[in-house]
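**Student:** below: sequence and its predicted model.
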Amino acid sequence: MWKWLHPYANPEVSYHFTNKLLPWLSALTAIFLSIGLVWALLFAPADYQQGHSFRIFYIHVPAASLSMGIYVAMAIAAFISLVWQLKLADASAAAMAPVGAAFTAIALITGAAWGKPMWGTWWIWDARLTSELILLFLYLGVIALHNAFEDKNLAGKAAGILTLVGVVNIPIIKYSVEWWNTLHQGSTVSKLGKPSMSLDMLWPFIFCFIGFALLVAVIICLRFRNEILARNSIRPWVRELIQKNTVNNT
Amino acid sequence: MTLKAQSTQETENLTATIDNSMIGDTAQSSQQLSYRHAFMLVLKRDLTIAMRHKDDIINPLLFFVIVVTLFPLGIGPEAQTLSRIAPGIIWVAALLATLLSLDRLFKSDHLDGSLEQMLLSPHPIFILVLAKIFAHWLITGLPLILIAPLLAVLLHLNEQSYTALLLTLLLGTPVLSLLGAVGVALTVGIKKGGVLLSLLVLPLYIPVLIFATSAIDTAALGLPYSGQLAIIAALFFGSLTLAPFAVGAALKVSTN
Amino acid sequence: MPLISAVNLTCIREERLLFDELSLEIYPGDIIQIEGPNGSGKTSLLRILSGLSQPYDGHILYKNEKISSCREEFHQNLLYFGHLSGVKDEMTAEENLDFNLALHGNKNEESLTYLAKINLAGFEESLASHLSAGQHRRIALARLYHNNAPIWILDEPFTAIDKQGVSGLEQLFSAHAQRGGCVILTTHQDLISIKPEQVKKITLDYDYL
Amino acid sequence: MQFNNFSDFINMGGYGFYVWLSFGAAALILTLLLISSKAGHQQVITKIAKRKKREDKLRQAKDLRKQQNEQNKTALNEVIE
């Protein structure tokens, strides 16, 4: 596997590879996301209990699960960069943090907007919402640490350590918040039951989920590209690239 | 650019004539590198420094007392309300007081260069870090535990909860020091690391806060709270084994 | 066998290339003076050699072994002295020296004589905060007299040291080199009492300026 | 199609505000992120280009100084000769 991976560990190769990948990924994203969203908004049936407010589900759930998934991916990248000193893993972890934070924020906002009609309040200290909020704090910490260091390599290492500490803590935090929530659960708040999904709800959901996942990939690729350039700014290939770019522009 | 420093011929002649017994037999002239010795060495040093710099001990303690006194003034003096929220107040105040004191854990050592020397010592970093964290806990955590019952009286804490309060603080404050050390180690090289530190560390403190306050609440009802204590103990041992390594790695990054 | 060698070091600071593909070998008996204008990477090179900083690329060998794989042995044989002296204000001169020696695994029976040798006799009991900048650095440099570490890496050791102290240190360096140790140092002054042929110079110059 | 006309669609069975708030917020955040990520590429390139220009200038100045030094030297040698 390492042999196969090796050429991609070269910044120049992976920069051009990402560049080639981007149009295809973007096209796929556009297809899946437009089908998914139109289906979810126009054609999917309304929930028998929640009515049309159920359509928030098609953003909220993908955003929430992606926000967790991105953190895990970031932790894996951080681990690789710390153990094998792979600078590209560092760049990818740096590219992921803002995307993860954005999806966490979306999950929180849509959660609140869904909660208002369902629970009658914008915010409840529901276990899932609370752990999502804490996840946002963790993301913001990682981003802040990235920005606090002037040297990008050091920033990557420091943020990597924090990410790993965070990923050990996430299950503990999640468990403690759930446990705390059941302990303090008032009887007035009824939790949303797991919606029993019919097929005509499941399909648009699948399309939306894949669409959002692809969108995540596109944004991460875009940012990854920038990170590679910024980290290799003194390399001759970057200099050449910039020479070409500036000539083309003028 | 390639530079090569070549060995001169004279040096070999010179080394032959001069007694070089001092070089090369480091193992004999140095002490055994025992963990216990290294631990005690750093612990003794940090405690000596703290004793000569007493405001380091007193200021966080005063902060703790003042924050706790502010709550009744803000909420109202009803004994019932106060005793209901007392565990939370005491624990949040303890958390903030620890956070306030964390900055000094590595900052002054970083500024005067002794941190570099520690990283260059042949002793394993984690043992030195552990000694520093233990010293920090002795200086800030322990006084908090000693003064907490007094504040609990001010807040009308349920009489059944005192043991639980002390036990949770005894097990929980070391966790605060250990996790906090990771945050400080990450931010020690940054000029304005103070605010960043709280952003990094406070989310990690949430589990301790939840289980500790819940143990105290449960004790107030006269129910067994050993479950929560066991979880805090697990958090303690978990962070005791993992945090020193994370701190060591973070310090290497910060002093780079 | 070189005591310490650098292989293909590349160092980037603040997105500036300080040196690229730098290799050097340092043998017992070498006194190496690293020269260069401010900001040319002298301190960075010393920190990389001591293992405090990670180079962007390349690695450091101690007796042909990577320092990351023989950390304990390397650190036992290394004495690094940086810009910051590592002296605590809250402790006395003697306590500081004792701690610094013990931290590096050395016995500290003779710390009083070392302090006397570096001209700090009579100040053993005074808190470091009451001493001058030069005396601070002397406390740290007193470790040099307990010389069982063959590799000395000294960053600007003469800063704030008076003339007499400087020549004392220089004699100490050449004695150390003759005993089979090596000294790597940066300084803006010329070494006076060490013969020029004994000193090897490495000049750092940046590419982009 | 679940809706008879456009105003029905906007109304979302009375939940219009919440549904459109969610979709709007998500769209806004994602578009901003996408734009900033895309713009970042050009920003990085201009930044590096600027630095390159500065370094080129410095190098030229250095070469010039070298040339002048050499000229001075040869002039001096001529005088001596």
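**Tutor:** Good, I have the coordinates.

**Student:** just the element for the residue nearest the centre of chain A, please.
**Tutor:** Central residue of chain A (C-alpha atoms, centre = their mean): residue A:100, 3.3 Å from the mean position. Counting by DSSP states H and E, the element that carries residue A:100 is helix A:87-119.

**Student:** and the helices in chain C?
**Tutor:** C:42-50, C:71-76, C:93-103, C:111-117, C:133-141, C:163-178 (DSSP state H).

**Student:** swap that for chain B, please
**Tutor:** B:9-17, B:26-29, B:35-51, B:55-75, B:79-102, B:104-112, B:114-119, B:125-136, B:142-154, B:162-187, B:193-220, B:226-254.

**Student:** try chain D
**Tutor:** D:6-11, D:16-80.

**Student:** would a markdown table of these with mean neighbour count, distance to chain C and mean pLDDT be doable?
**Tutor:** For the C-beta atoms, the positions are set from N, CA and C on the backbone; glycine is no exception. A markdown table is the format used below for the helices of chain D (neighbours: other C-beta atoms under 10 Å in any protein chain shown; distance: least, C-beta to the nearest C-beta, whole Å; pLDDT from 0 to 100):
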| stretch | mean neighbour count | distance to chain C | mean pLDDT |
| --- | --- | --- | --- |
| helix D:6-11 | 12 | 51 | 81 |
| helix D:16-80 | 14 | 5 | 87 |
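
**Student:** and of these, who's closest to residue C:91?
**Tutor:** Residue C:91 lies closest, by C-beta to C-beta, to one member of the helices of chain D: helix D:16-80, at 45.6 Å.

**Student:** quick one: check that closest one for contact with chain A.
**Tutor:** Yes - Helix D:16-80 lies within reach of chain A by C-beta under 8 Å from any C-beta of the partner chain, at D:18-19, D:21-23, D:25-26, D:29-30, D:33-34, D:37-38, D:40-41, D:43-45, D:47-49, D:51-52.

**Student:** now do the strands in chain C.
**Tutor:** C:4-13, C:16-26, C:31-35, C:57-62, C:65-66, C:78-81, C:151-155, C:182-186, C:199-203 (DSSP state E).

**Student:** buried stuff in the fourth one?
**Tutor:** By 16 or more other C-beta atoms under 10 Å in any protein chain shown, the buried positions in strand C:57-62 come out as C:58-62.

**Student:** name the residues that touch that strand?
**Tutor:** Residues outside strand C:57-62 that contact it (C-beta atoms under 8 Å, 6 or more residues apart in numbering or on different chains): C:2-10, C:21-23, C:48-49, C:51, C:66-68, C:70, C:73-74, C:77, C:151.

**Student:** adjacent strands (with direction) for that strand?
**Tutor:** Within its sheet, strand C:57-62 is paired with strand C:4-13 (antiparallel), strand C:65-66 (antiparallel), according to DSSP bridges.

**Student:** and for the second one?
**Tutor:** Strand pairing for strand C:16-26, determined by DSSP bridges: strand C:4-13 (antiparallel).

**Student:** the partner strand vs strand C:182-186, what angle?
**Tutor:** 20 degrees (axes from the mean of the first three to the mean of the last three C-alpha atoms, to 10 degrees).

**Student:** hmm, back to that, in JSON lines, list the buried residues of strand C:57-62 along with pLDDT and distance to residue A:140.
**Tutor:** Converted to JSON lines, the buried residues of strand C:57-62 look like this (pLDDT from 0 to 100; distance: C-beta to C-beta, whole Å):
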{"residue": "C:58", "pLDDT": "86", "distance to residue A:140": "36"}
{"residue": "C:59", "pLDDT": "87", "distance to residue A:140": "36"}
{"residue": "C:60", "pLDDT": "90", "distance to residue A:140": "37"}
{"residue": "C:61", "pLDDT": "89", "distance to residue A:140": "42"}
{"residue": "C:62", "pLDDT": "89", "distance to residue A:140": "42"}
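
**Student:** look up how far chain D lies from the nearest residue to residue B:217 once chain neighbours are set aside.
**Tutor:** Closest residue to residue B:217 apart from its sequence neighbours, by C-beta to C-beta, 6 or more residues apart in numbering or on different chains: residue B:87 at 6.0 Å. Remark: distance between residue B:87 and chain D (C-beta to the nearest C-beta, to the nearest Å) = 37 Å.
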